[in-house]
Structure formats: C-alpha cells, structure tokens
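>>> starting from these lines, generate the structure:
(chains A and B)
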Protein chains: 2
Amino acid sequence: MKNFRITLQYDGSRYDGWQKQGNTDNTIQGKIEAMLTKLFEQQVEIQGSGRTDAGVHALGQVASFSVKTDLGPAKVMERMNTYLPKDIIVTDCQLTDARFHARLNAKNKTYIYRIVTGCIRPVFGRQYVLWHQERLDTDSMRKASECLIGEHDFKSFLGNRHYKKSTIRTIESITITEDMIKSGEAEFPEITIAFTGNGFLPNMVRILTGTLIEIGEGQRSLSDMEDILKGCDRALAGPTAPAHGLTLLKVVY
Amino acid sequence: MKNFRITLQYDGSRYDGWQKQGNTDNTIQGKIEAMLTKLFEQQVEIQGSGRTDAGVHALGQVASFSVKTDLGPAKVMERMNTYLPKDIIVTDCQLTDARFHARLNAKNKTYIYRIVTGCIRPVFGRQYVLWHQERLDTDSMRKASECLIGEHDFKSFLGNRHYKKSTIRTIESITITEDMIKSGEAEFPEITIAFTGNGFLPNMVRILTGTLIEIGEGQRSLSDMEDILKGCDRALAGPTAPAHGLTLLKVVY
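Got it, this is the predicted structure:
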C-alpha cells in the first residue's frame, strides 16, 4: 500500500459540499472516491483536511488516500486529472508516511471570503465572490475582528444546533484587505477577509463574515462583536454569509 | 430623443453571440433590446461596435441607442443593471451626440485571446481561457506575428466563405505576453495574445490564434505565416481557436 497526499482545487458551485453522503451522491469526496475506486480497481477511501459546505470552493484543499499501485505520484496525479470533472483538479501529489492524516495532522487552515462592493455587479468570476452593493467600512470590520483572535468558545458562530463536540477553537489571524481589481475598462472594489485558525466549526467562517458585514454596514457597532462572542448564543450573531463567496485557500501541516 | 453610449461586460458562455437573430433569440443584443423596449415602453434598437461570436466574452464592448426619456445616464445604467441577466453588466453610460455610431466611429478595437499552458487544467476562470497542455514557444509566435502588422488582405483568416465585402484590414499591434498566474497554492503559465486593429473579419482573431498556436507548437515554421498571408486562401491557415478563450477588451473612438 502507498499513501498519497494530494492538493486539490475545486469550483464548489455544483456540488453538495466535500463530505460524501452515500454511493450515488453529488459531493466532491464522493466523486473522487468513485473515480479512484474505478481507476485502481479497488475500494479507495479519501480523507480531506476538513469538510467544505455545499457551494464553497477550494484553492488548496489537502486530502490523502492509500492504494495498492505501482504508479508513482506524478502518474497518479496525471491519471486522476484525466478522469476528474472539469471543476476539480489535483495540483500536487506526493508520497507520504502511512501515518499521515489530512485532518488530524493539519496545523492550521486559511479560508478567504471575497466581497465585491460598489454599484457595478461583477460578471467575471461572479461565482466566487459575494456582491454587496453598499461600500463597507473595513476599518470597523478590522477593529471588530480583533477580539476574535486567540482561543475562544465560538458557540455563537456555530451553524449546527446538534453539534456535540467542543466549540473551542483558536483563530490565529483575521486579515481584511481592500483592493481595486481591474477588469477590462472597469474597476471593482474587492474586500478579502482571510481567516487562519486551527479549525473551524460548521458554518463558523460564514457566520463570522455575516456578522462582520453587518458591522461594516454600520448596522451594528464594532463593540458588539465582543458581546456576541461572550454570549455563546447563535441568535446574537449575524446571518450566515452565502457559500459561494468562501474559498478554502490552504492547509498547513 | 437622447442618444446613450454604454460600455458593457458580458460572459458570452451561454449566448449565441452579439448579433440579434429575431425576436425570441438568445443573443446579447437581442436580450438588451428586449429589456430596453420593456423598460422604456418604446421600441429601442441598440448598435454594437461589432459582433462577437457565440461564446466570445467582452470586458469593454461599446454600444449606443436612442430613446425618449427624462432619465439621465446614471439612472439609465442603474435601471439597465437591475434588469440585465447575471452575465451582462453596463459599466459606463454617457449621453452622446446623436451622430455617434458605435460601429462606424470606432477607431480601433482590442481583442485578447488567453491560453493557459502546462499539465494542470485550470478550474477557476476555465470558461474564459483555452487550456493547451503543451508549452508554446512564444518567441516563435511573436516573430511570426510581425508580418501581420499593417494593412493587408486577410482573406486567409476569414471564416465566412460567403463574405462579400473587402477583406483588407489594418492590424496595429499584436502583443504576446506570458505570465505565471498564481492561483492559491498553484501557478499557471498563461499566454495572452492582444490584437489591436481597425476592424476584424469574421473569425479572423480566432484563426490568427489557431495559426499562431501551431507555430508555437513547432508544427509549422514561423516563416509559414508570411506565405499564409500572401496566399489569400483560408485553407492555408490554421484551425479556428475555440470561442471561449476570446474576449473583446476595448474599443477606442
């Protein structure tokens, strides 16, 4: 048996998220496992660094799988890419230790949430950004995000009421940048919120983003964030921002 | 009557090109005219700077139309963008001279053809680039393109056998650049070929690109281009490159 570690990009638009749901499902994990099982003529299971929600994209998802094969990593990557659908691609493949586990060994992950603001609706790449017509006050958003850094109980930002495990996580950094993105003759103001942490609860990044957007709109004051965090109550936080603006950027081991 | 000049962006993926084909058609011009006619409750006709083929995109198409209205250009743009489909957007709208004609007054146009090379198939933005797995020799392509600059009979690069008008056009410049485009953890070599000229024959930019690709592959020598141009015979040139890699970048007046 060889253990392979792969890096994946996917456009999550038409999938029901990463995590497989059965044999005939429409998930990214399910599609890759079905393809590998056919390719290697043996049952193959693939472990991702974590789940991404339905509609969420990845520029650097990491996954691993064990398989009995004579092929080296370059050939495995080439074969996989021949059979994967047009919206999934393996960008790196390496042989790894049999003990490597893509989820358990992850040191941290970075997600980015992209927001185009201004009166001009984006056309190119519209599948990967949220369009928010009013401008957002990124200074307030930046200040409000400061209290989230470090180890906290993020229960207020948990999207699954039946979640039984610990809701304590560590956020290492939240970086909010605003740039003018040139697109032909037009320019679009684009805000990117990058979240790096040791793990994220279900919907956590999207609820954090929804809350930061309300602060950026001036609907909430920036001091609200601390009360929301301390309250440990989902009802205190803002809405869950749409899935399509979110991308898993990278996983560090 | 007021005459408006608009700049448009569109993702041409799901349209049968710019030029309208009837009342119930699936063209960009047809969609915009139908929308304007409904919006202003009067028959509105829109003139584009030129046709784009089915599947070709625009970052800076220019068009004009006359309409009886009290609205100013900012309001017209806002209303249009409210009703246009998600893959078409007006990025600029100005009042213009009644004599302004988007096609006849155009000084030159720039089209770009984007090609991602290398073994990794692009996932994000795949709708707007051609993927060509083998690397291309851009030096040869650049040298081969030199003989095309200036006023020539481009009949060899004409995709319509029934075309009756003059096949003489002037190409002002062809610029071929190659960059590494960072996409998350991966990098993609991307070639952009920018064609600027006073006008282009049907399919001309795509046939020029198809021929340049054959030269970049080493299938043809770079001196072939001059013979193709002089031959005035479509059969001498290379294939028509796929529509989805082509974008109308801008029109200068």
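>>> from here on, just use CA atoms for contacts and neighbour counts.
Will do.
>>> let's verify A:Glu151: helix, strand, or coil?
strand (DSSP: H, G, I helix; E, B strand; the rest coil).
>>> mind listing what the residue lying closest to it once chain neighbours are set aside touches?
In space, A:Glu151 comes closest to A:Thr170 once its chain neighbours are excluded; the distance is 4.1 Å by CA to CA, 6 or more residues apart in numbering or on different chains. With contact taken as CA atoms under 8 Å, 6 or more residues apart in numbering or on different chains, A:Thr170 is in contact with A:Ile149, A:Gly150, A:Glu151, A:His152, A:Gly197, A:Asn198, A:Gly199.
>>> do you know how far the closest residue in space to the first one that isn't next to it in sequence is from chain B?
The shortest distance from A:Ile149 to any non-neighbouring residue, by CA to CA, 6+ apart, is to A:Ile171 (5.1 Å). The spacing between A:Ile171 and chain B, counted by CA to the nearest CA, to the nearest Å, is 20 Å.
>>> can I get the CA coordinates of the helix or strand where A:Ile171 lies in PDB?
According to DSSP states H and E, A:Ile171 maps onto strand A:168-183. Written as PDB, here are the backbone C-alpha positions of strand A:168-183 (Å, rounded to 0.1, in the frame of the first residue of the first chain):
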ATOM      1  CA  ILE A 168     -13.500  26.000  21.500                       C
ATOM      2  CA  ARG A 169     -11.200  27.000  18.600                       C
ATOM      3  CA  THR A 170      -8.100  29.200  18.100                       C
ATOM      4  CA  ILE A 171      -8.100  31.800  15.400                       C
ATOM      5  CA  GLU A 172      -4.600  32.900  14.700                       C
ATOM      6  CA  SER A 173      -5.400  35.800  12.400                       C
ATOM      7  CA  ILE A 174      -8.100  37.600  10.500                       C
ATOM      8  CA  THR A 175      -6.800  39.900   7.800                       C
ATOM      9  CA  ILE A 176      -9.100  42.200   6.000                       C
ATOM     10  CA  THR A 177      -7.800  43.800   2.800                       C
ATOM     11  CA  GLU A 178      -9.500  46.100   0.200                       C
ATOM     12  CA  ASP A 179      -8.200  46.400  -3.300                       C
ATOM     13  CA  MET A 180      -9.300  47.800  -6.600                       C
ATOM     14  CA  ILE A 181      -9.500  44.900  -9.000                       C
ATOM     15  CA  LYS A 182      -9.100  46.000 -12.700                       C
ATOM     16  CA  SER A 183     -11.400  44.200 -15.000                       C
END
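>>> ok, and for that strand, which residues are buried?
By 16 or more other CA atoms under 10 Å in any protein chain shown, the buried positions in strand A:168-183 come out as A:Arg169, A:Thr170, A:Ile171, A:Glu172, A:Ser173, A:Ile174, A:Ile176, A:Glu178.
>>> wait, the fifth one sits on A:Thr196?
Yes - A:Ser173 lies in contact with A:Thr196 (CA atoms under 8 Å); the separation is 5.2 Å.
>>> hang on, isn't the residue nearest to A:Ile149 packed against A:Ala194?
No - between A:Ile171 and A:Ala194 there is no contact, the gap being 10.8 Å when judged by CA under 8 Å.
>>> which SS state does A:Glu226 fall under?
helix.
>>> so the residue lying closest to it once chain neighbours are set aside versus chain B, what's the distance?
Residue nearest to A:Glu226 in three dimensions, not counting chain neighbours: A:Cys147, with 6.2 Å by CA to CA, 6+ apart. As judged by CA to the nearest CA, A:Cys147 and chain B stand 28 Å apart.
>>> give me every residue in the stretch 101-250 of chain A lying close to chain B.
Within reach of chain B by CA under 8 Å from any CA of the partner chain, the stretch 101-250 of chain A has these residues: A:Ile120, A:Arg121, A:Pro122, A:Val123, A:Phe124, A:Gly125, A:Ser183, A:Gly184, A:Glu185, A:Ala186, A:Leu249, A:Lys250.
>>> so how do I select the buried members of these in PyMOL?
Only the buried entries of those go into this PyMOL selection, using 16+ other CA under 10 Å:
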select buried, chain A and resi 120+121+122+123+124+185+186+249+250
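>>> looking at the residues of the stretch 101-250 of chain A next to chain B, which are in strands?
Among these, the members falling in strands are A:Ser183, A:Ala186, A:Leu249, A:Lys250 (criterion: DSSP state E).
>>> which ones are touching the nearest residue to A:Ala54 once chain neighbours are set aside?
Closest residue in space to A:Ala54, ignoring its immediate chain neighbours: A:Gly17 at 3.6 Å, by CA to CA, 6+ apart. Listed by CA under 8 Å, 6+ apart, the contact partners of A:Gly17 are A:Thr27, A:Ile28, A:Arg51, A:Thr52, A:Asp53, A:Ala54, A:Gly55, A:Val56.
>>> in the stretch 151-253 of chain A, which residue sits nearest chain B?
Chain B sits closest to A:Gly184 of the stretch 151-253 of chain A, with a gap of 4.9 Å, by CA to the nearest CA.
>>> isn't that residue right up against B:Leu59?
Yes - at 4.9 Å, A:Gly184 and B:Leu59 qualify as touching, with contact defined as CA under 8 Å.
>>> shared neighbours of the two, anything?
With CA under 8 Å, 6+ apart, A:Gly184 and B:Leu59 have common neighbours B:Leu249, B:Lys250.
>>> quick revisit: given the strand holding A:Ile171, what are its sheet partners and their directions?
strand A:150-153 (antiparallel), strand A:186-197 (antiparallel) (DSSP bridges).
>>> give me whichever of those is most buried.
strand A:186-197 (a mean of 20; mean count of other CA atoms under 10 Å in any protein chain shown).
>>> what is the rounded mean pLDDT of that one?
Here strand A:186-197 scores 95 as its mean pLDDT.
>>> which outside residues touch it?
With CA under 8 Å, 6+ apart as the criterion, strand A:186-197 contacts A:108-118, A:120, A:122, A:169-182, A:205, A:209, B:91.
>>> next one: that strand to chain centre, how far?
14 Å (CA atoms, centre = their mean, to the nearest Å).
>>> tell me the contacts of A:Lys68?
A:Met1, A:Lys2, A:Phe40 are the contacts of A:Lys68 under CA under 8 Å, 6+ apart.
>>> residues in contact with stretch A:138-155: which ones?
Residues outside stretch A:138-155 that contact it (CA under 8 Å, 6+ apart): A:167-178, A:201, A:204, A:212-213, A:215-216, A:222-226, A:229-230, A:232-234.
>>> do stretch A:200-218 as well
Stretch A:200-218 is contacted from outside by A:53, A:111, A:113, A:134-138, A:140-141, A:144-145, A:154, A:157-160, A:167, A:169, A:193, A:195, A:220-222, A:225, A:237-243, A:246, using CA under 8 Å, 6+ apart.
>>> restricted to helices, list the residues you listed.
A:Thr138, A:Ser140, A:Met141, A:Ala144, A:Ser145, A:Met225 (DSSP state H).
>>> the fifth one: neighbour count?
Read that as A:Ser145. Residues near A:Ser145, counting by other CA atoms under 10 Å in any protein chain shown, number 23.
>>> and it, what pLDDT?
So A:Ser145 comes in at 98 (pLDDT).
>>> repeat that for A:Gln21.
84.
>>> show me where chain A has strands.
For chain A, strands defined by DSSP E occupy the ranges A:2-10, A:46-48, A:57-67, A:88-96, A:108-117, A:130-132, A:150-153, A:168-183, A:186-197, A:246-252.
>>> turn those into CSV, including distance to B:Gly12.
Formatted as CSV, those follow (distance: least, CA to CA, whole Å):
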stretch, distance to B:Gly12
strand A:2-10, 22
strand A:46-48, 35
strand A:57-67, 23
strand A:88-96, 22
strand A:108-117, 21
strand A:130-132, 20
strand A:150-153, 46
strand A:168-183, 16
strand A:186-197, 18
strand A:246-252, 25
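>>> so which of those strands gets nearest B:Ala102?
Of all those, strand A:186-197 sits nearest to B:Ala102, with 18.6 Å by CA to CA.
>>> report the angle between the closest one and strand B:2-10.
40 degrees (axes from the mean of the first three to the mean of the last three CA atoms, to 10 degrees).
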